[in-house]
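Trainee: sequence and predicted structure are below.
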Amino acid sequence: MSPSEDDAASIFVNITTSDLERSKTFYTALGWSINPNFSDENAACVVVSDTIYFMVLTKEYFATFTDKDIPDPRTTAQVLIAISRPSREAVDGIVDAGLAAGGSEPREAQDLGFMYSRDLDDPDGNTFEFLHMDPAAAEGGPDAVA
């Protein structure tokens, strides 16, 4: 089931940083851009696509949106952000760019045959999983590729 045009939505994922300028440098090294209209000394709007954005917020500013404790992403996983790429090579390319820009790879690549993925932690410890899935598996499930 796919959403109708009326149901189309954008996603804004809010993540914390202890160094906003470092984060902006890191995310632009991945090939993404910063929307200056929604960026200031407290936040940077990272544009991933026409419908996906990351709001990278200083911890102090992030805290103004919730009364809950703000976990340290280096020690606590609150969310894992998975982003598909068009090929295995594209997965390797974006992770390698992130590593060169100060990120780290918290675990080894996973190759499940129908899906290939690598994890990348940004300099603050926020985890991104970049993956490529065989189109047949994406359409019919992993057994469609077996």
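Mentor: Looks like it arrived, so ask away.

Trainee: which parts of the protein are helices?
Mentor: 20-29, 59-62, 88-100, 135-140 (DSSP state H).

Trainee: mean pLDDT lowest for which of those helices?
Mentor: Among those, helix 135-140 has the lowest mean pLDDT, at a mean of 75.

Trainee: what is that helix packed up against?
Mentor: Packed against helix 135-140, as judged by 3 or more CB pairs under 8 Å, 6 or more residues apart in numbering; DSSP states H and E, are no other helices or strands. Yep, even glycine has a C-beta here, placed from its N, CA and C like the rest.

Trainee: buried set for it?
Mentor: By 16 or more other CB atoms under 10 Å, the buried positions in helix 135-140 come out as A137.

Trainee: I11 is nearest to which of the helices of the chain?
Mentor: When those are ranked by distance to I11, counting by CB to CB, first place goes to helix 20-29 at 15.7 Å.

Trainee: who does that closest one touch, helix- and strand-wise?
Mentor: Helix 20-29 packs on strand 33-35, strand 43-47, strand 52-58, helix 88-100, going by 3+ CB pairs under 8 Å, 6+ apart.

Trainee: next one: that helix to chain centre, how far?
Mentor: How far helix 20-29 lies from its chain's middle: 13 Å, per CA atoms, centre = their mean, to the nearest Å.

Trainee: and that helix, which residues are buried?
Mentor: Applying 16+ other CB under 10 Å to helix 20-29 flags L20, R22, S23, K24, F26, Y27, A29 as buried.

Trainee: same check on stretch 47-64?
Mentor: V48, Y53, F54, M55, V56, L57, T58, Y61, F62.

Trainee: switch the helices of the chain over to TSV; also include distance to M115.
Mentor: Listed next are the helices of the chain as TSV, based on distance: least, CB to CB, whole Å:
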stretch	distance to M115
helix 20-29	24
helix 59-62	32
helix 88-100	10
helix 135-140	7
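
Trainee: to P36, which of these lies closest?
Mentor: helix 20-29 (10.4 Å).

Trainee: list the contacts of the closest one.
Mentor: Identification of contacts with helix 20-29 by CB atoms under 8 Å, 6 or more residues apart in numbering yields 17, 34, 39, 41-44, 46, 54, 56, 58, 97-98, 100-103, 122-124.
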